[in-house]
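S.K.: Pasted the sequence and its predicted model underneath.
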Amino acid sequence: MSQLKLLVIHGPNLNLLGSREPGIYGTTGLSRVDKMLEELSVGQGCVLECFQSNHEGAIIDRIQQAKAVFDGLLLNLGAYTHTSIAIRDALASVSIPFVEVHVSNVYAREDFRHHSLVAPLASGIVVGFGPSSYTLGLQGLIAVLRAGGEHV
Ligand code: DQA
C-alpha cells in the first residue's frame, strides 16, 4: 500500500475545542483530536500533519503549499466554511482531494451554518459526530485516495 501524505487543517476557534461551548462541541481538546488522527494514520501506514490557524490568509498559504506535497486534506474550516470564497478558490487551485468535517451537526443549527462554500469541491462530508467526525472523515479520505479518487 502506498504511503499517503495527509494534512489536517483546523480553522478559526478550533484551538479552543474542549473548552469552547462544550454543550455543542464537547469536552475533547484539539491536541487529543490530533493524537487520535495521528494514531489512526500510523495504523493505516500514512504520514499525517496537523495545522490550526485563526487566520484566513494563513490557511490559504498552507493549502497552496500543500500542492504536490500532500495527497489529501482533512478540513474543518470552522466559520470560514460558510464565508470564505478565497479558501474555496485555493482548494480549487491545488486540486487536492479533501474531506470536509464538522464536530457539530451544522444542519441542526442556525441557517447561516447550513451552507458550505467548499462542499461542492469535497470528496465527502462528515458532520455531527463530535470528535469522531474527524476520525470518520480521515477513514473516508484514505479509502477514497486508495481507490484512486473513486468512491468505495
Ligand atoms: C464547526 C461548525 C461551524 O459552523 C463553526 O463556525 C465552527 C465549528 C464544527 O466543527 O462543528 O467553528 O466547523
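M.R.: Received it, and whenever you're ready, just let me know what you need. Numbering: from 1, shown residues only.

S.K.: only C-alpha atoms for contact and neighbour calcs from this point on.
M.R.: Noted.

S.K.: quick one: secondary structure of the spatially most central residue of the chain?
M.R.: For the chain, residue 75 is the residue whose C-alpha lies nearest the centre (Cα atoms, centre = their mean; 1.7 Å). Under DSSP: H, G, I helix; E, B strand; the rest coil, the three-state class of residue 75 is strand.

S.K.: residues touching it, list them.
M.R.: 8-11, 98-101 (Cα atoms under 8 Å, 6 or more residues apart in numbering).

S.K.: isn't there a helix covering residue 27?
M.R.: No - assessed with three-state DSSP, residue 27 is coil; it does not lie in a helix.

S.K.: Give me the spatial nearest neighbour of it, chain neighbours excluded.
M.R.: Leaving aside its sequence neighbours, residue 27 sits nearest to residue 18 (Cα to Cα, 6 or more residues apart in numbering; 3.8 Å).

S.K.: same deal with residue 129?
M.R.: residue 103 (6.0 Å).

S.K.: correct me, but the one you found touches residue 136?
M.R.: No - the criterion here is Cα atoms under 8 Å, and residue 103 misses it with residue 136 at 11.0 Å.

S.K.: What strand or helix carries residue 100?
M.R.: Taking DSSP states H and E as the criterion, residue 100 maps to strand 98-102.

S.K.: In terms of secondary structure, what does that strand contact?
M.R.: With contacts taken as 3 or more Cα pairs under 8 Å, 6 or more residues apart in numbering; DSSP states H and E, strand 98-102 sits against strand 72-76, strand 124-127, helix 132-146.
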